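Asker: Based on what follows, work out the 3D shape:
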Amino acid sequence: MKIVFETYVILLIGIFLICVEASPATDECQEKYGNGPNRFSLATGSPGELGLLKALAEAFDSSANATMCWKKAGSGESMKLLKEKQVDMIMVHAPAAEKKAVEDGWATKRTLIGSNEFFIVGPPEDPAKISEAKSAADAYSRIASARSKFFSRGDNSGTHQKEMASWRNAGISPTGDWYIVTKDFMTATLKRANDEKGYFMTDSSTWVAERKNLPGLKILFRGDKFLVNTYHALCQPDSVTSGAATASKFIDFVASPAGQEIIRNYGKDKYEQGLYDDASYAMKYDD
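Answerer: Residues are numbered from 1 along each chain as shown. Model prediction:
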């Protein structure tokens with residue numbers, strides 16, 4: 001009888017562990033928005049950090065009875081989560097990786113939703129003289145030549161990928177104690193650059209939202225077309241995950257006139273300018 005009981009307990013534990021492994025972890029949500037029964041998950045970075053995602057999700061919930069689980073991740077990690085079927089959709093800025101995902105069949109419905117751009121910010125005294133640079137590659141060459149402190153997210157996010165592409169364009173592989181990898185998100189790395197008087201490439205949206213808290217930094221280089229940053233939404237193929245259908249509808253909403261108006265105007269009331277450009281503007285720079 002004892003052997004039978006022990007066997008039963010072992011079986012129950014095994015079943016429990018299997019269920020835990022197979023079930024999505026609800027506590028992985030950075031935030032939840034909406035209250036409807038149609039649940040879906042979305043991975044992204046700055047649009048969530050800056051509150052745009054909340055504004056879009058709450059407007060969507062009013063007509064779709066939906067609840068969004070936001071998982072905070074940069075573009076590289078977001079792509080990984082989508083590929084591993086850990087989320088229903090993503091909002092990212094990594095065009096080459098996005099196209100490959102669609103080509104390989106594990107992502108679909110790639111939709112342009114808006115854009116911002118990258119600024120290279122740094123201490124006002126500008127020791128590397130990047131304010132005189134003619135291109136992003138020139139700015140990066142100046143930073144490396146001066147061995148001026150530079151902060152990199154180093155996390156395979158869209159920002160990190162763009163940074164590394166800029167170094168490649170400059171023919172430089174950055175190494176040394178001047179090149180500091182944070183493995184952190186945009187706002188946290190910006191604050192560290194401010195505190196430690198270094199350079200950093202930030203997206204314009206985060207800069208507008210945080211600039212009042214960054215007295216030690218100023219925009220020193222901007223305007224290179226290479227630094228325009230287009231955002232796309234992608235989702236799981238139909239029926240691959242439980243929230244794929246709702247995620248697809250959310251993409252439709254974000255691309256609709258109502259969704260685009262939210263994107264175009266988001267932040268104007270608080271910061272006197274919008275944090276993002278809409279898809280019609282972004283189209284000029286879309287790959």
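Asker: where does the stretch 1-150 of the chain have low pLDDT?
Answerer: Using pLDDT under 70 as the threshold, the predicted model of the stretch 1-150 of the chain has low-confidence ranges 1-27.
Asker: And the strands in the stretch 101-250 of the chain?
Answerer: Taking DSSP state E, counting those that start in this stretch as the test, the strands found in the stretch 101-250 of the chain are 108-122, 150-152, 179-181, 200-203, 218-221, 228-235.
Asker: Tell me which of those strands lies nearest to residue 264.
Answerer: When these are ranked by distance to residue 264, counting by Cβ to Cβ, first place goes to strand 108-122 at 7.9 Å. Every residue, glycine included, has its C-beta placed from N, CA and C.
Asker: Now do the helices in the stretch 151-287 of the chain.
Answerer: Secondary structure of the stretch 151-287 of the chain (DSSP state H, counting those that start in this stretch): helices at 158-169, 186-196, 204-210, 244-255, 257-265, 268-271, 279-282.
Asker: Make a markdown table from those and add distance to residue 146 to it.
Answerer: What follows is the helices of the stretch 151-287 of the chain, written out as a markdown table (distance: least, Cβ to Cβ, whole Å):
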| stretch | distance to residue 146 |
| --- | --- |
| helix 158-169 | 15 |
| helix 186-196 | 16 |
| helix 204-210 | 22 |
| helix 244-255 | 42 |
| helix 257-265 | 38 |
| helix 268-271 | 32 |
| helix 279-282 | 34 |
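Asker: middle-most residue in this protein, spatially?
Answerer: Geometric centre of the chain, nearest residue: residue 45, 3.1 Å, by Cα atoms, centre = their mean.
Asker: For that one, which non-adjacent residue is closest in space?
Answerer: For residue 45, the nearest residue in space outside its immediate sequence neighbours is residue 74; the separation is 4.7 Å by Cβ to Cβ, 6 or more residues apart in numbering.
Asker: Backbone torsions only: list them for that neighbour.
Answerer: Note on residue 74: backbone dihedrals following degrees, to the nearest 10 are phi -70, psi 180.
Asker: which residues does residue 176 contact?
Answerer: With contacts taken as Cβ atoms under 8 Å, 6 or more residues apart in numbering, residue 176 has the following neighbours: residue 147.
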